[in-house]
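Visitor: show me how the following folds:
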Amino acid sequence: MPLNELLPTVSQLSHQDKLRLIHFLLLAVAKEEGCNLESPDNKEQEDLLLEQLASTEAVVWSPYHAHEAAQALSDMLTAAKEEGYA
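Guide: A predicted model of the protein is given here:
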């Protein structure tokens, strides 16, 4: 099945099923690369991991408005140049 036909179906999956799909794909790609990431068939451990992943919030930080960070980096680069490291 072509990817463009598969994506609409994937987008309709529940959050937990999407995580299971990611896990399945990770194992499949690893196996193709010669790695064995298979874990023991322990449904309880898998469900616990999926629950932990589902309850985890991803925090994305962007330096776009971090003017202090830009200044700190600039100061570090200037200091490195003065010390002959850059």
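Visitor: enumerate the positions of the helix or strand in which His23 is found that are buried.
Guide: Per DSSP states H and E: His23 is located in helix 15-32. The neighbour-count check on helix 15-32 (16 or more other C-beta atoms under 10 Å) flags Leu19, His23 as buried. (Each C-beta comes from the backbone N, C-alpha and C, glycine too.)
Visitor: that helix - what's its average pLDDT?
Guide: When pLDDT is averaged along helix 15-32, the result is 88.
Visitor: and that helix, how far out from the chain's middle?
Guide: The chain centroid and the centroid of helix 15-32 are separated by 13 Å under C-alpha atoms, centre = their mean, to the nearest Å.
Visitor: which SSE is immediately downstream of that helix?
Guide: Going down the chain from helix 15-32, the next helix or strand is helix 43-54, by DSSP H and E.
Visitor: next, the angle from that following helix to helix 15-32.
Guide: 110 degrees (axes from the mean of the first three to the mean of the last three C-alpha atoms, to 10 degrees).
Visitor: okay then, goodbye and thanks.
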